[in-house]
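In: what would the 3D arrangement of this be:
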Amino acid sequence: MLKTELPLVFASHNADKVMEIREILGNSLELEGLADIGCRDDIPEPHHTLEENAMAKARYVYRHFGRDCFADDTGLEVKALNGQPGVMSARYAGPGKDSK
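Out: From the prediction side, this is the model:
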């Protein structure tokens, strides 16, 4: 295992995603999710691309928690809908949506 001063942070509140990345990494790297570092913030995703939002989340964690971090942002980009809903995917299903 690569030993660092503090574990790397994956900027996600989704415990299933954090677990999946831990499984992929195996023993090669220690990883924490946002809950592990005490982050309960709803991190802003103000940008127009998934890449920009992922960078914004990683920078937010670094600025507010001083931790090395990586992030993702996911969304559906449907060709027949001209790339929509894209970054709006989570809101596209409406207020009653459920990720499970």
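In: give me the number of residues near I24?
Out: The local packing of I24 (other CB atoms under 10 Å) involves 10 other residues. Using the backbone N, CA and C atoms, a C-beta is placed for each residue, glycine as well.
In: if you could redo that for L6, that was the one I meant.
Out: Counted with other CB under 10 Å, residues neighbouring L6 total 12.
In: oh, and call the first residue 54 from now on, that's how I've got it
Out: Sure, I'll start counting at 54 from here, so that last one is L59.
In: isn't it right up against D121?
Out: Yes. Counting by CB atoms under 8 Å, L59 does reach D121; the two are 7.4 Å apart.
In: check contacts around M141.
Out: G128 (CB atoms under 8 Å, 6 or more residues apart in numbering).
In: for the record, mean pLDDT for the top helix by length along the chain?
Out: Longest helix in the chain by number of residues (criterion: DSSP state H): helix 103-118. Helix 103-118 shows a mean pLDDT of 96.
In: quick one: contacts of the lowest-mean-pLDDT helix or strand in the chain?
Out: Sorting the helices and strands of the chain by mean pLDDT, DSSP states H and E puts helix 142-145 at the bottom, at a mean of 74. Applying CB under 8 Å, 6+ apart, the contact partners of helix 142-145 are T127, G128, L129, Q137, P138, K150.
In: quick one on the thing from earlier: list the helices and strands the longest helix of the chain packs on?
Out: Packing partners of helix 103-118 (3 or more CB pairs under 8 Å, 6 or more residues apart in numbering; DSSP states H and E): strand 122-123.
In: which residues sit against the strand it packs on?
Out: L61, V62, F63, A64, K110, A111, V114, Y115.
In: now with 10 Å?
Out: 61-65, 74, 84-85, 87, 90, 92, 107-108, 110-116 (CB atoms under 10 Å, 6 or more residues apart in numbering).
In: note down every partner strand of that strand and its orientation.
Out: Using DSSP bridges, the strands paired with strand 122-123 are strand 61-63 (parallel).
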